[in-house]
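In: coordinates for the following, if possible.
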Amino acid sequence: MNGTSLLILGLTGTEERVYRHFLRNPGTFGEDIHLLLHAPREEVEAAQERLNGLGLLRGDRSALFATDPETAVGRLTDLQLRVLHDQLRQVTQSRHLIAELEAERGSKSLAPQGVERLEVLAQIRDRIDDLAFFARDEIISVEPYTALTPDNIAHSRPLDTRCLRRGVRLCSVVRKEALDHPPTVAYLRELTAQGASIRVAESFSERILVYDRQTALVPVDPENTARGALVTQQAGLVSNILALFEKIWDQAVDLTLLTGDGHGADEVLSEIERRVLEELCRVGKDETGARNLDISVRTYRRHVADVLRILGATSRPHAALLARERGWI
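Out: Here you go, the predicted structure:
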């Protein structure tokens with residue numbers, strides 16, 4: 001938020017955040033927004049009640065609307081003028097809030113063919129929280145971090161848990177280096193236990209967030225995230241971002257297979273696939289492997305392709321490496 005906030009007009013910080021939330025998300029439900037705002041439920045509910053009393057919110061918990069900024073600022077200004085005569089000049093100068101609030105309300109109405117640029121870190125985090133909070137079906141992500149801080153985890157846990165509890169599918173790819181950081185891998189395992197699908201890739205630099213396969217958020221510069229982020233609902237751009245995600249996802253390995261939470265080879269591979277994997281790691285030529293198993297070369301190669309797909313490997317050496325890491329051979 002830039003400039004003077006609504007605090008000077010008599011609202012608390014929580015009341016202002018609730019009002020701005022419904023400016024960005026008109027007609028949405030009032031339950032659980034304490035998770036989005038990272039504030040106590042009782043505090044947020046009290047803020048909603050006071051805003052209703054002031055006429056800044058209308059509707060019920062199933063659909064709440066914020067009063068338009070000009071009316072809201074007018075009501076608050078008049079209220080302050082009646083009780084704070086000694087601050088008359090400061091209060092009457094607050095009319096510039098209307099433009100800021102209108103801009104915030106308008107920023108949520110991203111045109112289907114548009115691309116919006118966010119440059120302030122707090123603004124980017126708020127948009128990510130909003131998109132996650134209102135996701136209905138799926139959130140997919142590619143995140144090249146190597147460690148999550150305690151603050152990262154504390155900020156993410158309430159919304160991640162809420163999404164999973166509501167049946168939203170979470171699919172995420174993280175870097176393998178993240179598994180060397182105990183708090184990070186513990187949180188990833190916690191999400192997996194709740195139903196999230198998490199895969200691990202050797203190395204990548206892409207950062208991708210896509211919500212319900214309709215809205216995508218990517219950095220302006222993947223090498224320098226401080227330059228901001230782009231949000232788009234443009235169908236062609238979102239499709240290309242989804243295609244990049246699918247490519248990274250297909251080449252990644254399921255987290256449970258690397259952390260020991262998954263199954264062994266005997267539980268995942270058929271008997272013939274397990275024997276093909278052993279030959280794949282032991283001999284170099286398909287003809288030799290096929291002869292050792294008494295099957296045709298064509299059949300052997302088909303099983304090799306199946307084993308690579310199951311392992312999430314991009315090549316035969318990669319498959320051998322992954323199999324050894326999982327204790328399958």
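
In: so what are the domain limits for this structure?
Out: According to automatic domain parsing, the chain comprises the domains 6-107, 115-259, 265-325.

In: in JSON lines: those domains, plus mean neighbour count and mean pLDDT.
Out: Every residue, glycine included, has its C-beta placed from N, CA and C. What follows is the domains of the chain, written out as JSON lines (neighbours: other C-beta atoms under 10 Å; pLDDT from 0 to 100):
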{"stretch": "domain 6-107", "mean neighbour count": "16", "mean pLDDT": "81"}
{"stretch": "domain 115-259", "mean neighbour count": "16", "mean pLDDT": "89"}
{"stretch": "domain 265-325", "mean neighbour count": "16", "mean pLDDT": "81"}
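
In: go ahead and confirm residue 230 touches residue 116.
Out: Yes - with contact defined as C-beta atoms under 8 Å, residue 230 and residue 116 form a contacting pair (7.0 Å).

In: need phi/psi at residue 172.
Out: Per-residue torsions, residue 172: phi -140, psi 140 (degrees, to the nearest 10).

In: look up how far residue 161 lies from it.
Out: 14 Å (C-beta to C-beta, to the nearest Å).

In: list the contacts of the helix or strand residue 23 falls within.
Out: Secondary structure from DSSP states H and E places residue 23 in helix 13-24. Helix 13-24 is contacted from outside by 5-7, 11, 28, 33, 36-37, 39, 43-44, 47-48, 50-51, 56-57, 64-66, 69, 72, 101, 104-105, 107-108, 130, using C-beta atoms under 8 Å, 6 or more residues apart in numbering.

In: check stretch 242-249 too.
Out: 140, 142, 171, 173, 199, 201, 204, 206, 208, 210, 213, 216.

In: then stretch 186-198?
Out: 148, 153, 157, 160-161, 164-165, 169-174, 178, 254-256, 259, 261.

In: among those, which ones are in strands?
Out: Counting by DSSP state E, the part of those found in strands is 169, 170, 171, 172, 173, 174, 254.

In: quick one: residues contacting the third one.
Out: Spelled out, it's residue 171. 138, 139, 140, 141, 196, 197, 198, 199, 249.

In: do the same with the first one
Out: If you count contacts by C-beta under 8 Å, 6+ apart, residue 169 has them with 137, 138, 139, 197.

In: beta-bridge partners for it, please?
Out: residue 138 (DSSP bridges).

In: sorry, back to before: now for the ones in strands among the contacts of stretch 186-198, which pair is the farthest apart?
Out: Farthest pair in those (C-beta to C-beta) is 169 and 174. Separation: 16.5 Å.

In: next, the angle strand 169-175 makes with the helix or strand harbouring residue 247.
Out: Assigned by DSSP H and E, residue 247 belongs to helix 235-250. With axes from the mean of the first three to the mean of the last three C-alpha atoms, to 10 degrees defining the directions, helix 235-250 sits at 60 degrees from strand 169-175.

In: just the CA trace of helix 235-250, in PDB.
Out: The C-alpha coordinates for helix 235-250 follow below in PDB (Å, rounded to 0.1, in the frame of the first residue of the first chain):
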ATOM      1  CA  ALA A 235      -5.100 -18.700 -23.400                       C
ATOM      2  CA  GLY A 236      -2.100 -19.100 -25.700                       C
ATOM      3  CA  LEU A 237       0.400 -18.000 -23.100                       C
ATOM      4  CA  VAL A 238      -1.100 -20.200 -20.400                       C
ATOM      5  CA  SER A 239      -1.100 -23.200 -22.800                       C
ATOM      6  CA  ASN A 240       2.600 -22.700 -23.500                       C
ATOM      7  CA  ILE A 241       3.400 -22.400 -19.800                       C
ATOM      8  CA  LEU A 242       1.400 -25.600 -19.100                       C
ATOM      9  CA  ALA A 243       3.300 -27.400 -21.800                       C
ATOM     10  CA  LEU A 244       6.600 -26.400 -20.200                       C
ATOM     11  CA  PHE A 245       5.300 -27.600 -16.800                       C
ATOM     12  CA  GLU A 246       4.300 -31.000 -18.300                       C
ATOM     13  CA  LYS A 247       7.800 -31.400 -19.800                       C
ATOM     14  CA  ILE A 248       9.500 -30.700 -16.400                       C
ATOM     15  CA  TRP A 249       6.900 -32.900 -14.600                       C
ATOM     16  CA  ASP A 250       7.400 -35.900 -16.900                       C
END
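
In: residue boundaries of the helices in the stretch 1-150 of the chain?
Out: Assigned by DSSP state H, counting those that start in this stretch, the helices in the stretch 1-150 of the chain fall at 13-24, 33-37, 41-54, 69-83, 88-92, 97-107, 121-134, 150-165.
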